[in-house]
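Novice: return a 3D structure for these sequence lines:
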Amino acid sequence: MRARQLRVRTLVVGMLVALGEGHPAHLTRVHAALVSLSEADQRRLGVIVDWRSGPHVLTYRQVERTFSLVTGCLAKKCPDGSPTEIFQRVLDTLVEASLPETRRGSSSLAVDWTDIESFSTRRTKPTGAYADDEAAWGHRKGGGPGEKDELFFGYYLSLATMVEEVGGEEVPELVRRMNLVACDHDPVPAAVAVLVAMANEGTALGDVVVDSGYAHRVPTRFALPLRAAGASLVMDLHPNDRGAQGTHAGAICHHGNLSCPATPKALFDLTPLARGASREEVSAHDQRSGELARYKLGRVAGPDPDGYTRVMCPALLGKIRCPLRPTSMQLSLDHAEVLAPPASPPVCCTQATVTVPPEVNAKTAQRHDYPGAQWRRSYARRSAAERANARIKDPATVDVARGWCRLMGLTSMGLFLAGAVVVRNLAVADAFTRRQCDTERRAAAGLPPRTRRRRRKTLADLVGVTPQSDP
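Specialist: Numbers count the residues shown, from 1 in each chain. This next block holds a predicted model:
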C-alpha cells in the first residue's frame, strides 16, 4: 500500500505560506503555495515524489483529502460549538511554537475576545438549516465612528497576548493562547480553561488584564479559577460592581478592598477618569485615590493555599488617626483623622487583624487599587489585546472577514485562524527585533533612541491656512 503523499506538517507549512503571502484561507491557495516552492523544497516536503511512472506533483485533491482527515480526527463526532481537548492542545502548540525562545520573558497577559463571521449566514440547505451547523448568532458592538451594534453569525475568538510586566522591560506583543467557540457559548469560561491549563502545564501566570466584560462574570467562571491558578487580576469593573458592595466584619467592601467604616462617603463615588482628561483633572483624581487608599485595610498575611488573607485596621498601620486606636493619635496632624468613630465599634475596629475568606470581594479583588494611578498605568496594557485582534482583521494584513475562510465548522476555521495568529506573531517578533537593533545601533553611534510621537494636525493645517494669512 502506497503511503499518503501529503504529510500533515507539509499541509501546515502550506497553510502558513499561503497566509503569510496575504492570501485568504482557501485550500486552493494552500495547494498553489506548495507547488510554487522551489523544486528542492518541494522534494524535501514531499510535494514532488517519485512514482513508478515518474515524478508526481501534489494535486489539489490530495490537499483536500488530507485536510478533511485532519479535521475529522480533531473535531467532535457530535459538534456542539466548542473544541475538543486534543484540538485545543493542537492550537496551543501551534501558537506557542511561533514564539522565539528569547521572547518569552513575561508572564503577564492581556485577554480579549472578538467576533469571527462564518461564511454561512443564510439558511442554505433545503431543510432550512445553516450550512455551518456549529456556528451561531452572536452580538457585536461597533466601537468605531458610525458603527452600530449588530448581530452576526459565527464564532467568538479569544486571544491572550503577552504584555510587559509592571515596570519591566518592553516585550513584543505576541499571542500565547487562543480559543474559538460558537456564539451560543460564553467565551469567558472557555478562555479561562485555556489559561488554567497553561498554568497547569508549568507556564506561570502573572497579571491577567481584562475589561469589564470579563470582570462582570460570576466569580466561579472567571476570577476564582484564575486566582487559584496563580494569576493576579487587573480589570475594569462593571458599573454595577462599582461602589460599596456590602460589608465584612464591619469593614466596607469597595472596589475589591475592605475600607474603614468611617471612610468619608464622598470617596466612595470615585470612578475611572474620562478619556481626554486634563492634567488638572488627573491630578485631582489621583489625590482623591490617595485619600481613599488611606482608609483601606492593609494586608498583613496571605493569601494561604485556601485563599484566606489577614488584614489590619489602617489606624494600626499608621495611615490615619482614630480615637478607637489610641496609638494612632500620636501620628502627626498631616494624617487624616476619624472625627466620628462608630458608636458601637464593629469587629474590624476592635480586633488587631481580621481574617478575610476568599468569597469576600471574590468578583472585584485585583492587584491594584481601583481606579488609582497605578491601576490606570497597569490597565493601559490591555490595549495590546485590542491590537492583536485588529491585526488579524486588518484588510492590509490577514483580514479574517466573511469569505476569508469558506470552510464550514469550528475545526476548519480554527486551524486557519491559528495559522493567521502564527503569521501575525512572526511579523510582530521580526518588527520588534528590527526596532531593538535600530535602538542599539543608534546608542552605539551616540544618538538618542527613536521616538514615536503622535503628531496632531489641525483643521488649519489641512487647508493650508496660517494665523497671519487673510481669510
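
Novice: how about the helices in the stretch 151-300 of the chain?
Specialist: For the stretch 151-300 of the chain, the helices defined by DSSP state H, counting those that start in this stretch cover 187-200, 212-215, 223-228, 279-294.

Novice: do the same with the stretch 301-450 of the chain
Specialist: Along the stretch 301-450 of the chain, counting by DSSP H, counting those that start in this stretch, helices occupy 347-350, 373-379, 383-393, 410-444.

Novice: tabulate these (a markdown table), appending distance to residue 160, mean neighbour count and mean pLDDT.
Specialist: For the C-beta atoms, the positions are set from N, CA and C on the backbone; glycine is no exception. Shown next, in a markdown table, are the helices of the stretch 301-450 of the chain (distance: least, C-beta to C-beta, whole Å; neighbours: other C-beta atoms under 10 Å; pLDDT from 0 to 100):
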| stretch | distance to residue 160 | mean neighbour count | mean pLDDT |
| --- | --- | --- | --- |
| helix 347-350 | 38 | 17 | 93 |
| helix 373-379 | 16 | 18 | 95 |
| helix 383-393 | 8 | 20 | 93 |
| helix 410-444 | 11 | 19 | 93 |
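
Novice: so which of the ones you listed comes closest to residue 290?
Specialist: Closest to residue 290 of the helices of the stretch 301-450 of the chain is helix 373-379 (C-beta to C-beta; 8.5 Å).

Novice: so who does residue 315 touch?
Specialist: Residue 315 is in contact with 260, 321, 322, 324, 325, 328, 338, counting by C-beta atoms under 8 Å, 6 or more residues apart in numbering.

Novice: just checking, the first one touches residue 297?
Specialist: If I follow you right, that is residue 260. Yes: applying C-beta atoms under 8 Å, one finds residue 260 in contact with residue 297, separated by 7.0 Å.

Novice: so what's in contact with these two at the same time?
Specialist: Listed as contacting both residue 260 and residue 297 by C-beta under 8 Å, 6+ apart are 251, 313, 314, 348.

Novice: most neighbours, which of those?
Specialist: residue 314 (29 neighbours; other C-beta atoms under 10 Å).

Novice: what pLDDT is listed against it?
Specialist: Note on residue 314: pLDDT of 95.

Novice: quick one: residues contacting it.
Specialist: 260, 294, 295, 296, 297, 298, 320.

Novice: at 6 Å instead, please
Specialist: 260, 295, 320 (C-beta atoms under 6 Å, 6 or more residues apart in numbering).

Novice: turn those residues into CSV, including pLDDT and neighbour count.
Specialist: CSV is the format used below for these (pLDDT from 0 to 100; neighbours: other C-beta atoms under 10 Å):
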residue, pLDDT, neighbour count
260, 95, 25
295, 95, 26
320, 94, 22
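
Novice: inside strands: which ones of those?
Specialist: Counted as lying in strands by DSSP state E, out of the contacts of residue 314, are residue 320.

Novice: and which of the contacts of residue 314 is nearest to residue 107?
Specialist: Checking the contacts of residue 314 against residue 107 by C-beta to C-beta gives residue 295 as the nearest, at 32.1 Å.

Novice: doesn't residue 260 make contact with that closest one?
Specialist: Yes: the criterion here is C-beta atoms under 6 Å, and residue 295 meets it with residue 260 at 4.3 Å.

Novice: to residue 150, which of the helices of the stretch 301-450 of the chain lies closest?
Specialist: Nearest to residue 150 among the helices of the stretch 301-450 of the chain is helix 383-393; the distance by C-beta to C-beta comes to 15.4 Å.

Novice: and the contacts of that closest one?
Specialist: Contact with helix 383-393 is made by 110, 112, 114, 159, 161, 163, 173, 175, 397-398, 400, 420, 424, as judged by C-beta under 6 Å, 6+ apart.

Novice: pull the CA atoms of that helix into PDB?
Specialist: C-alpha atoms of helix 383-393 as PDB (Å, rounded to 0.1, in the frame of the first residue of the first chain):
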ATOM      1  CA  SER A 383      -4.700  47.800  24.500                       C
ATOM      2  CA  ALA A 384      -2.300  45.000  23.400                       C
ATOM      3  CA  ALA A 385      -5.200  42.700  23.200                       C
ATOM      4  CA  GLU A 386      -7.100  45.200  21.000                       C
ATOM      5  CA  ARG A 387      -4.100  45.500  18.700                       C
ATOM      6  CA  ALA A 388      -3.800  41.700  18.400                       C
ATOM      7  CA  ASN A 389      -7.500  41.400  17.300                       C
ATOM      8  CA  ALA A 390      -7.200  44.400  15.000                       C
ATOM      9  CA  ARG A 391      -4.000  43.000  13.300                       C
ATOM     10  CA  ILE A 392      -5.600  39.800  12.100                       C
ATOM     11  CA  LYS A 393      -8.800  41.700  11.000                       C
END
